[in-house]
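Participant: Sequence and predicted structure are below.
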Amino acid sequence: MKPAVILYKSLPDDLRAKLDAHFTVTEVSDISPESVKQHAAQFQQAQGLLGSGGKVNGDLLAQMPALRACSTVSVGYDNFDVAALSQRGVVLMHTPTVLTETVADTLMALVLSSARRVTELDAWVKAGQWQASIGPQHYGVDVHHKTLGILGMGRIGMAAAQRAHFGFGMNILYNARRQHSEAETRFGARACDLETLLKESDFVCVILPMTEQTHHMIGAAQLKLMKPSAILINVGRGPVVDEQALISALQDGTIHAAGLDVFEQEPVPADSALLKLPNVVTLPHIGSATHETRYGMMSDAVDNLIAALTGKIEKNCVNPEVVK
Ligand SMILES: NC(=O)C1=CN([C@@H]2O[C@H](COP(=O)(O)OP(=O)(O)OC[C@H]3O[C@@H](n4cnc5c(N)ncnc54)[C@H](OP(=O)(O)O)[C@@H]3O)[C@@H](O)[C@H]2O)C=CC1
Ligand SMILES: O=CC(=O)O
């Protein structure tokens, strides 16, 4: 008999057919308590869970006694209580690598659009306000040959450094837990402590996962260390930056501007002060959102679940220590 799985994300037809060939699939709209209650029998029997969004914690695990593997369509896994999964012997699979280059492109888009005021001036032109030659009040700041500080020199950090170094001749600083010799050799990147990175960077780029250690790693004190001309970019996770402190820093000129793909609450509330600031570029968490990359992520997530439940896990496992 094929293992039962819960799917909480719509898949393209070919990937859904592949999943159906291996599993008995119940598709649900989400994994909210209401949805779990509505499909209680299927959740009880499911050995696998595939999707993205929604918390997978002790409460959900209690409703899924047969669960053996989760497969998330994301690289970040802060929605999962990994300790609880590991304690139960449930493997967690994710989709690193396939999205790395696309997210680095998004980061550079935020660097360029915040420095050159692309979205602000686009709105200005479309509002019919371009009536005469522009003057200094519309100028931006240069990106090329400036200093880019990368907070989190992992897969995406490396891809961002590559773009900044070779494409824009930028100096690269980085902060991570360990030394990244490859970044130093290939991109001339310099390892430094957080304080030095904040003080010396023209662009501070946050590409960190959300963990207990990274929560509010950038707060009022850290923003004060940045240059008044500096721009903060966040493509990691919203709660790594204290959003209230960021709003104050943007309002009082502590820093120059920000480019944000992620927020403390998503979707960002419509009345957030961030949305009223002209010196902030906001995106709706689109780091990996291209047709090609989202397809690749879903494809990897399907393969990951097949490997975890019916084959051999060779990559993409968050908690390999539970694999028997
Ligand atoms: N906006 C979006 O759509 C997307 C956002 N993301 C986010 O980006 C994150 C990074 O992805 P990826 O590059 O693939 O992940 P990696 O695991 O490859 O890189 C994470 C980096 O963060 C560093 N790090 C982790 N904790 C700390 C800490 N406490 N202090 C300093 N450095 C730390 C790691 O340091 P070390 O190298 O020393 O281990 C590593 O360099 C994801 O976890 C996700 O949250 C990812 C994809 C899309
Ligand atoms: O935020 C996206 C991810 O893949 O993580």
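Facilitator: On my side now, so go ahead. Numbering: from 1, shown residues only. Ligands and ions are numbered 1, 2, ... in the order given.

Participant: and the stretch 151-300 of the chain, which residues reach ligand 1?
Facilitator: By Cβ under 6 Å from any ligand atom, the residues of the stretch 151-300 of the chain that approach ligand 1 are 152-157, 175-178, 207-211, 213-214, 235-237, 261-262, 285, 287-288. C-beta coordinates here come from the backbone N, C-alpha and C atoms, glycine included.

Participant: and the biggest helix by length in the chain, does that touch ligand 2?
Facilitator: Of all the segments of type helix in the chain, defined by DSSP state H, the longest one is helix 291-310. No. When contact is scored as Cβ under 6 Å from any ligand atom, no part of helix 291-310 falls within range of ligand 2; the minimum is 7.0 Å.

Participant: on that earlier part again, out of the residues of the stretch 151-300 of the chain next to ligand 1, which are buried?
Facilitator: For these, a burial check counting by 16 or more other Cβ atoms under 10 Å picks out 152-157, 175-176, 207-208, 210, 214, 235-237, 261-262, 285, 287-288.

Participant: What about those, which are in strands?
Facilitator: Asn175 (DSSP state E).

Participant: how near is the residue nearest to Met1 when sequence neighbours are not counted to Gln42?
Facilitator: Counting by Cβ to Cβ, 6 or more residues apart in numbering, Met1 lies nearest to Thr24, which is 7.8 Å off, once chain neighbours are set aside. Taking Cβ to Cβ, to the nearest Å as the measure, Thr24 falls 9 Å from Gln42.

Participant: picking that back up, which helices and strands does the longest helix of the chain pack with?
Facilitator: helix 13-22, strand 48-51, strand 69-72, strand 91-93 (3 or more Cβ pairs under 8 Å, 6 or more residues apart in numbering; DSSP states H and E).

Participant: Out of those, the one nearest Ala308 is which?
Facilitator: strand 69-72 (3.7 Å; Cβ to Cβ).

Participant: Could I get the pLDDT score of Gly311?
Facilitator: Confidence at Gly311, expressed as pLDDT, is 86.

Participant: Oh, that last question was meant for Asp142, not what I typed.
Facilitator: 98.

Participant: how far away is it from Ser229?
Facilitator: For Asp142, the distance to Ser229 - Cβ to Cβ - is 11 Å.

Participant: Can you show me the helices along this protein?
Facilitator: Using DSSP H, helices in the chain cover 13-22, 33-38, 40-45, 58-62, 82-88, 100-115, 118-126, 155-162, 168, 181-187, 194-200, 220-225, 243-251, 291-310.

Participant: Contact partners for Trp130?
Facilitator: Trp124 (Cβ atoms under 8 Å, 6 or more residues apart in numbering).

Participant: swap that for Arg155, please
Facilitator: Arg155 sits in contact with Val75, Pro96, Thr97, Thr100, where contact means Cβ under 8 Å, 6+ apart.

Participant: so which of those residues comes closest to ligand 2?
Facilitator: Ligand 2 has its nearest neighbour among the contacts of Arg155 in Val75, at 4.2 Å by Cβ to the nearest ligand atom.

Participant: Got the confidence number for the closest residue to His216 other than its chain neighbours?
Facilitator: The shortest distance from His216 to any residue other than its chain neighbours is 4.5 Å, reached at Asp242 (Cβ to Cβ, 6+ apart). Note on Asp242: pLDDT of 98.
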